[in-house]
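Colleague: Quick one, structure for this:
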Amino acid sequence: MQAAPRTDARPTRGRVVMLVDNGVHGDSRVQKAARSAAEAGWEVILVGILKGNATEENWRIGDADVQLIRVSRRLQHPVAYRRALLRRPLAYKPGSQGKRKLNKLKARRDDLNFRLSEIKVARSQGGPRWPELAGKARLALPYFVNKAKFQWVKFRYAELKRLQAHQQDPNSWIDRTALRFWQRLHGDRAWRRLDPELWDFELAFAPVVDELEPDLIHAHDFRMLGVGARAAMRARAGGRDVKLVWDAHEFVPGIIGRPGNQRWLPAQIAYVREHAPYADGVVTVSATLADLLRETHDLPEQPAVVLNAPPAALTPEQRARPVPDIRARCGIDATTPLLVYCGGINPSRGVDIMIRGLTELPDAHVALVSVHPNGKVPIMYELEELAAELGVADRVHLLPYVPHWQVSAFVAPADLGVIPIHHKPNHELALITKFFEYAHGRLPMVVSDVKTMAEATRATGQGEVFRAEDLDDYLRAVRAVLADPQRYRAAYDRPGVLDQWTWEAQARVMDEVYTRLLPHHPKAPASPEAAPAVPAQRSVMPVR
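Modeller: Below is the predicted model:
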């Protein structure tokens with residue numbers, strides 16, 4: 001990848017290189033951050049990951065450049081390639097060796113069976129007896145040798161599977177002992193042993209960041225924190241005073257670990273603890289998480305809070321793109337009660353309660369705006385099966401994502417927005433994106449009683465709170481909102497409620513962090529005349 005040359009064509013306040021460990025397209029926070037930083041006068045280059053069969057490596061978000069790179073798997077954990085001679089000495093080495101040998105022996109068996117069939121057919125067609133006997137005699141030894149080899153290979157392959165199952169057992173005393181050993185020996189540096197795949201990000205991103213020569217590195221989420229910290233240190237060692245901003249999207253100790261890999265979460269926690277002190281500034285998604293980060297990492301100052309709120313003003317290109325009609329996509333009229341959910345789906349999102357609730361809400365429909373451009377994920381098929389079993393399949397609509405700037409307008413014709421997430425550590429800490437998107441669509445909400453979101457909903461009166469995973473209480477909340485939706489929409493009429501939940505307000509906070517860290521760089525240009533805001537009234541939402 002060629003470094004983006006510094007140019008005098010458009011004066012800038014300095015070069016900001018943003019790093020993110022995804023393909024950018026589905027990450028609204030990253031997209032908005034890149035666009036708004038560029039609008040504030042910074043030269044922004046957003047570096048993400050090119051995944052799968054994607055081929056589009058470069059494009060622009062406003063005045064920000066996007067560059068995607070491949071991240072190869074170069075440093076796997078030893079369990080992915082090393083034999084465990086003490087635990088299962090006869091097991092094959094992890095990988096395709098055992099499966100390949102099994103298939104080779106199956107092919108040999110099929111070939112021997114084919115030759116035996118030829119002999120039998122020749123005999124059945126009147127051939128002499130002695131060629132049949134001679135042919136079978138010639139095949140006997142190869143047949144039994146192949147069968148013996150097959151049983152041996154099958155046993156060794158089964159040993160590998162048993163080994164892998166044992167390695168994925170969270171109660172395995174050997175793996176727990178190894179985990180504690182490396183933690184005590186290396187402390188926060190133990191991630192190098194526990195999850196060496198984290199180096200893959202460093203090996204892919206480091207040369208790109210070095211070539212771009214940033215003035216400031218904005219590391220989105222925890223994997224890019226280490227990449228950014230190392231890049232900043234290399235630049236400083238070379239005489240350039242590069243600053244690092246860590247954008248903490250979530251609390252890493254609160255992440256749900258990987259059931260088959262008890263090393264993974266401790267490795268990520270150690271990785272963050274080692275690199276957090278290198279951040280010159282920290283921004284995060286909520287005041288609650290800001291407090292937690294400062295306490296956990298002994299940060300010298302309180303992280304700035306940048307909510308992932310939708311923009312109040314759209315660009316001309318965004319306004320020119322028609323907003324789909326959610327009710328038309330569901331095939332329902334304006335009088336049919338419509339409950340909407342936006343965002344990704346996994347078991348902890350609790351979306352199944354919306355489908356189960358339809359059995360007690362005979363007139364209502366559910367729209368799940370959750371289908372990624374790459375298609376449905378397995379849990380979506382499970383939800384469709386559940387809907388069919390309950391007899392409500394015709395009232396459940398899985399809809400594709402719309403661009404992030406259209407979400408509020410798209411969901412506005414619905415009757416209420418649902419956030420049914422379960423109690424998980426990170427769910428308790430922040431107002432999630434869909435909360436703000438529903439609010440700007442002036443939707444009454446039904447939210448589960450996760451701490452921060454429940455407190456905000458009760459404080460504003462914009463919706464009802466129900467006990468997470470409690471179907472009866474969920475139905476109570478939905479019926480209350482459907483009975484008097486205007487009561488809840490009135491909360492958005494109070495001065496300042498929606499103004500504080502706009503991306504423009506958050507972008508100012510982010511720019512203040514940049515400006516403080518780079519005091520000798522030019523100040524922000526005068527703000528241009530504001531573009532028309534997202535309509536406040538549901539009746540004038542640009543829904544076509």
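
Colleague: can we go C-alpha only for contacts and neighbour counts from here?
Modeller: Will do.

Colleague: Low-confidence ranges, the stretch 151-300 of the chain, go.
Modeller: 167-171, 259-260 (pLDDT under 70).

Colleague: how about the helices in it?
Modeller: 173-186, 191-194, 198-212, 221-237, 264-275, 287-297 (DSSP state H, counting those that start in this stretch).

Colleague: would you turn those into JSON lines with mean neighbour count?
Modeller: Putting the helices of the stretch 151-300 of the chain into JSON lines (neighbours: other Cα atoms under 10 Å) gives the following:
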{"stretch": "helix 173-186", "mean neighbour count": "14"}
{"stretch": "helix 191-194", "mean neighbour count": "21"}
{"stretch": "helix 198-212", "mean neighbour count": "18"}
{"stretch": "helix 221-237", "mean neighbour count": "21"}
{"stretch": "helix 264-275", "mean neighbour count": "20"}
{"stretch": "helix 287-297", "mean neighbour count": "17"}
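
Colleague: Show the contacting residues for the nearest residue to residue 70 once chain neighbours are set aside.
Modeller: Once flanking residues are discounted, residue 70 sits nearest to residue 50: 5.1 Å by Cα to Cα, 6 or more residues apart in numbering. Residue 50 makes contacts with 22, 23, 56, 57, 68, 69, 70, 71, as judged by Cα atoms under 8 Å, 6 or more residues apart in numbering.

Colleague: neighbours around the closest residue to the fourth one other than its chain neighbours, how many?
Modeller: Beyond its immediate neighbours in the sequence, the residue positioned closest to residue 57 (Cα to Cα, 6+ apart) is residue 68, lying 4.8 Å away. Residues contacting residue 68 under the criterion other Cα atoms under 10 Å number 24.

Colleague: any idea which element residue 144 lies in?
Modeller: Per DSSP states H and E, residue 144 falls inside helix 129-167.

Colleague: err, residue 102, not the other one
Modeller: Assigned by DSSP H and E, residue 102 falls in helix 97-124.

Colleague: report the angle between the axes of that helix and helix 129-167?
Modeller: Relative orientation of helix 97-124 and helix 129-167, computed by axes from the mean of the first three to the mean of the last three Cα atoms, to 10 degrees: 160 degrees.

Colleague: quick revisit: in JSON lines: the helices of the stretch 151-300 of the chain, plus distance to residue 416.
Modeller: Shown next, in JSON lines, are the helices of the stretch 151-300 of the chain (distance: least, Cα to Cα, whole Å):
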{"stretch": "helix 173-186", "distance to residue 416": "46"}
{"stretch": "helix 191-194", "distance to residue 416": "44"}
{"stretch": "helix 198-212", "distance to residue 416": "41"}
{"stretch": "helix 221-237", "distance to residue 416": "31"}
{"stretch": "helix 264-275", "distance to residue 416": "36"}
{"stretch": "helix 287-297", "distance to residue 416": "26"}
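
Colleague: what's the closest of these to residue 15?
Modeller: Nearest of those to residue 15, taken as Cα to Cα: helix 198-212 at 8.6 Å.

Colleague: What are the structural domain limits within the protein?
Modeller: Listed domain ranges for the chain are 15-75+195-305, 78-185, 321-497 (source: automatic domain parsing).

Colleague: next one: the first one to chain centre, how far?
Modeller: Pointing back at domain 15-75+195-305 there. 14 Å (Cα atoms, centre = their mean, to the nearest Å).

Colleague: That domain: end-to-end distance?
Modeller: Using Cα to Cα, to the nearest Å, the end-to-end distance of domain 15-75+195-305 comes to 23 Å.

Colleague: can you check the longest one too?
Modeller: Domain 321-497 has an end-to-end distance of 27 Å (Cα to Cα).

Colleague: Backbone dihedrals for residue 304, please?
Modeller: phi -80, psi 140 (degrees, to the nearest 10).

Colleague: Nearest residue to it in space, ignoring adjacent ones along the chain?
Modeller: Closest to residue 304 by Cα to Cα, 6+ apart is residue 283, at 4.6 Å.

Colleague: Tell me which residues are up against the helix or strand where residue 398 lies.
Modeller: Per DSSP H and E, residue 398 falls inside strand 396-400. Strand 396-400 is contacted from outside by 329-330, 355, 365-373, 384, 387, using Cα under 8 Å, 6+ apart.

Colleague: Out of the domains of the chain, which is closest to residue 503?
Modeller: For these, the distance to residue 503 is smallest for domain 15-75+195-305, at 7.7 Å, taking Cα to Cα.

Colleague: Please report the distance of the residue with the largest distance to the centre of the chain from residue 135.
Modeller: When each C-alpha in the chain is compared with the mean C-alpha position (Cα atoms, centre = their mean), residue 128 comes out farthest, at 69.9 Å. In this view, residue 128 and residue 135 are 12 Å apart by Cα to Cα.

Colleague: Same check on residue 116?
Modeller: 8 Å.

Colleague: next one: residue 444
Modeller: Residue 444 is 81 Å from residue 135, by Cα to Cα.

Colleague: Right, I'll leave it there.
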